[in-house]
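Trainee: turn this into a structure:
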Amino acid sequence: MPRYEYRCRTCGDTFELSRPMAESAAPAACPAGHDDTVKLLSTVAVGGTAAAPATAPGTGGGGGGCCGGGCCG
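Mentor: Below is the predicted model of the structure:
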């Protein structure tokens with residue numbers, strides 16, 4: 001279930017709620033009981049690294065010396 005972030009305009013508290021997408025625009029009361037809240041625009045960051053596979057020199061997979069699909073040197 002998606003998590004949505006809200007901010008209370010009365011006390012300034014920021015909080016998250018898990019709710020179905022169909023209820024994402026529904027009003028949400030803050031944990032302190034205030035009803036004047038606004039849904040925040042959240043961003044998702046996905047991190048990680050991926051390494052390119054290593055190829056041995058002279059096997060046709062490396063850079064340098066290859067042009068147009070054929071090895072020149």
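Trainee: who's residue 17 bridged to?
Mentor: On the basis of DSSP bridges, residue 17 is bridged to residue 4.
Trainee: isn't it up against residue 6?
Mentor: Yes. If you go by Cβ atoms under 8 Å, residue 17 and residue 6 touch, sitting 6.6 Å apart. Quick note: C-beta positions are derived from backbone N, CA and C, even for glycine.
Trainee: so what sits against both of those two?
Mentor: residue 28 (Cβ atoms under 8 Å, 6 or more residues apart in numbering).
Trainee: wait, is residue 22 part of a helix?
Mentor: Yes. Residue 22 forms part of a helix when assessed by DSSP: H, G, I helix; E, B strand; the rest coil.
Trainee: and it, what is it in contact with?
Mentor: Taking Cβ under 8 Å, 6+ apart, one finds nothing in contact with residue 22.
Trainee: gap between it and residue 1?
Mentor: Separation of residue 22 from residue 1 (Cβ to Cβ, to the nearest Å): 11 Å.
Trainee: could you list the low-pLDDT ranges of the protein?
Mentor: Across the chain, the ranges flagged by pLDDT under 70 are 44-46, 48, 50-73.
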